[in-house]
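Q: Requesting a structural model of the entry that follows:
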Amino acid sequence: MLSWAQLVAAPVEQRIPREPSVQRALNRHMRKLAKRGVTAGQHITKTLIQPNELYVLAPNPFPYWLEPNIRHMVLWFNPAFEDLGFGSTRTWVEETVRLKMMSVQKIHVVENLPHNRSVPELRHIHVFLLMR
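A: Numbering: from 1, shown residues only. So this is what the prediction gives:
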């Protein structure tokens, strides 16, 4: 389990672990999708992102193993609008999150390197919120 200080200090190359039962649940979910011939990115685009939305901020259903006062959200970008180039700066993400989440003490934003992405085909940014 990572503390806020450990999370913020972790290099982007480091894979952040999930609690073992959460990792097993993620693995089961991915196998179910694969049996249906659906990728995780296709599933998220169809079930979570509305066609006219640029992005959606949602809780991670398979969060990293973090202390209880840290909320793990994901900012999913609609692939239909990728050419707009939005979301390229940490400031934009932090401002977007602050507008939606008022009870946040601190925000940490991470876009995983390609080899650490569980959903490589859909751009997303992990947003960690240290709650008040």
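
Q: Which residue ranges of this structure form helices?
A: Listed in chain order, the helices found in the chain under DSSP state H are 4-9, 20-35, 40-47, 90-100.

Q: can you list those helices in JSON lines and add mean pLDDT?
A: Output for those, formatted as JSON lines (pLDDT from 0 to 100):
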{"stretch": "helix 4-9", "mean pLDDT": "97"}
{"stretch": "helix 20-35", "mean pLDDT": "98"}
{"stretch": "helix 40-47", "mean pLDDT": "96"}
{"stretch": "helix 90-100", "mean pLDDT": "73"}
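
Q: quick one: which of these is nearest Pro68?
A: Evaluated with CB to CB, the helices of the chain place helix 4-9 nearest to Pro68, the distance being 11.2 Å. Where you see a C-beta, it was placed from the backbone N, CA and C, and this is true even at glycine.

Q: Packed most tightly, which of the helices of the chain would that be?
A: Stretch with highest mean neighbour count among those: helix 40-47 (a mean of 16; mean count of other CB atoms under 10 Å).
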